[in-house]
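Q: prediction below, plus the sequence it came from.
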Amino acid sequence: MTDSSSTSEPPRPAGWRRLAARLRAPGRAVGLGALVLALAVVAAGQIRPLRGARLAGFDALERAWPRVPQGTPAVIVAIDEASLQRFG
């Protein structure tokens, strides 16, 4: 039915057809499912029972691949009146 008076769905724009075709491509459903699962895990990290698991995972990552310090750490200096008089 190409008649404009038909009651079927309105034609989708070409952009929607391309997007739908890309989503149907092999492996896309798995990738999309993994993305949804990852987002759910991140969102669930705010839920109290899963917070411990998230922190344990972070600790395991830090033990496996510790961060390398960038630059020098902060230096704490005591300044007293005698030092101010001597050094300014």
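A: Thanks, I have it.
Q: helix, strand, or coil at Ile76?
A: At Ile76 the chain is in coil, as set by DSSP: H, G, I helix; E, B strand; the rest coil.
Q: quick check on it: phi, psi?
A: phi -100, psi 130 (degrees, to the nearest 10).
Q: Arg48 and Arg86, how far apart?
A: 55 Å (Cβ to Cβ, to the nearest Å). C-beta coordinates here come from the backbone N, C-alpha and C atoms, glycine included.
Q: what does Ala21 give?
A: Distance, Ala21 to Arg86, using Cβ to Cβ: 77 Å.
Q: ok now the helix or strand Trp16 falls within, how far from the chain's centre?
A: Using DSSP states H and E, Trp16 sits within helix 14-23. Centroid separation between helix 14-23 and its chain, computed with Cα atoms, centre = their mean, to the nearest Å, is 26 Å.
Q: now for it, which elements pack on it?
A: helix 28-44 (3 or more Cβ pairs under 8 Å, 6 or more residues apart in numbering; DSSP states H and E).
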